[in-house]
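Q: no letters, just coordinates:
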């Protein structure tokens, strides 16, 4: 009965000193079968007579071998088995592995703690130096689970790069750089660096127009959030000199940071009003100074008439 054997690599290109997994399986299932793995460099005419390794298949008829190629170059790899009492042996397809010289890349932030809205300078270089190489800067905000690209740039004539970056959000960042290598050198990823971007301080104003009204009239409460961002704004008033505060409304400022609310007090008296800006992931909370509003009683008039009219 005939059989077949497969051979695949965990990576088709690697740097010298790294490891590659050579794996495959025999079909039909042949547990505990001997599999010999051979290799040759692309320039060599024949396969090397001594196997790189001889391994046994497991209960599922699969095999695996981990290898660190000793030389730079293009390798061809094949797996063979001699068969058993029920199955004829065979050889796998030839797979190709490219082994390049190792390279390194660095990533150095100018500062480790900054405030959102500020910038830092990231510098580094490729060794051995590779001019005009594509360098990709990456960052992660979830501890390295997912990565995003912050910039793609070219190294200079000495293999170095510089980039000024302004993070768009507050949080704890991991940053790194990578390059994909070339025909002679494998790519590399730098060690990760940790930077902390603090929330930016914010400010809010509160203006009353007018500052004195009569009962039944209304007052416009307006202000500005800086820097502009859509965090909620709560307007509160106090009628007991600031001992207790009552919420009038909570609203979202406009895109330019402005807000406006019209209020008609229900009772006369002396009021204080202020605006409170809630914190969000990127900006701190803020509170405006209290503003005074005087609400007076409405003017009244009394008309007195006599009937019948007095005679002259």
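A: Yes, it's here. Everything quoted here is computed from the prediction, not taken from an experiment.
Q: tell me the contacts of residue 288?
A: 204, 205, 206, 223, 274, 275, 276 (CB atoms under 8 Å, 6 or more residues apart in numbering). Yep, even glycine has a C-beta here, placed from its N, CA and C like the rest.
Q: who wins for most neighbours among the residues you listed?
A: Using other CB atoms under 10 Å as the neighbour criterion, residue 275 leads the contacts of residue 288 with 28 neighbours.
Q: which element follows the helix or strand of the chain with the lowest mean pLDDT toward the C-terminus?
A: Least confident helix or strand, the chain: strand 13-15 with a mean of 91, by mean pLDDT, DSSP states H and E. Counting by DSSP states H and E, the element after strand 13-15 in chain order, helix or strand, is strand 20-27.
Q: residues in contact with that next one?
A: With contact meaning CB under 8 Å, 6+ apart, strand 20-27 is reached by 3-11, 14, 33, 35, 37, 57, 60-69, 77, 79, 81, 92, 97.
Q: in strands, which of those fall?
A: 4-5, 8-9, 14, 35, 37, 62-67, 77, 79, 81, 97 (DSSP state E).
Q: from these, list the buried ones, please.
A: Taking 16 or more other CB atoms under 10 Å as the criterion, what is buried in the ones in strands among the contacts of strand 20-27 is 5, 9, 14, 35, 37, 63, 65, 67, 77, 79, 81, 97.
Q: wait, the third one sits on residue 100?
A: When you say that, I think you mean residue 14. Yes. Counting by CB atoms under 8 Å, residue 100 is a contact partner of residue 14 at 7.3 Å.
Q: identify the contacts common to the two.
A: Counting by CB under 8 Å, 6+ apart, the common neighbours of residue 14 and residue 100 are residue 186.
Q: residue 229: how many residues sit nearby?
A: Using other CB under 10 Å, the number of residues around residue 229 comes to 15.
Q: listing request: residues of this protein with sub-threshold pLDDT.
A: Across the chain, the ranges flagged by pLDDT under 70 are 299-312.
Q: how is it divided into domains?
A: As assigned by automatic domain parsing, the chain contains the domains 4-100, 104-198, 203-296.
Q: and the first one, end to end?
A: Using CA to CA, to the nearest Å, the end-to-end distance of domain 4-100 comes out at 31 Å.
Q: now do the shortest one
A: With CA to CA as the measure, the ends of domain 203-296 fall 32 Å from one another.
Q: now do the second one
A: Start-to-end span of domain 104-198 (CA to CA) is 31 Å.
Q: tell me how far that domain lies from the chain's centre.
A: 13 Å (CA atoms, centre = their mean, to the nearest Å).
Q: and what of the last one?
A: The chain centroid and the centroid of domain 203-296 are separated by 36 Å, computed with CA atoms, centre = their mean.
Q: which SSE is immediately downstream of the helix or strand harbouring residue 114?
A: Using DSSP H and E, residue 114 falls within strand 113-115. As assigned by DSSP H and E, the chain's next helix or strand after strand 113-115 is strand 120-127.
Q: contacts for that next one next, please.
A: With contact meaning CB under 8 Å, 6+ apart, strand 120-127 is reached by 103-111, 114, 133, 135, 137, 155, 158-165, 175, 177, 179, 188, 190, 195.
Q: buried subset of those as a PyMOL selection?
A: Those of these that count as buried under 16+ other CB under 10 Å are selected in PyMOL with:
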select buried, resi 103+104+105+106+107+109+114+133+135+137+155+159+161+163+165+175+177+179+188+190+195
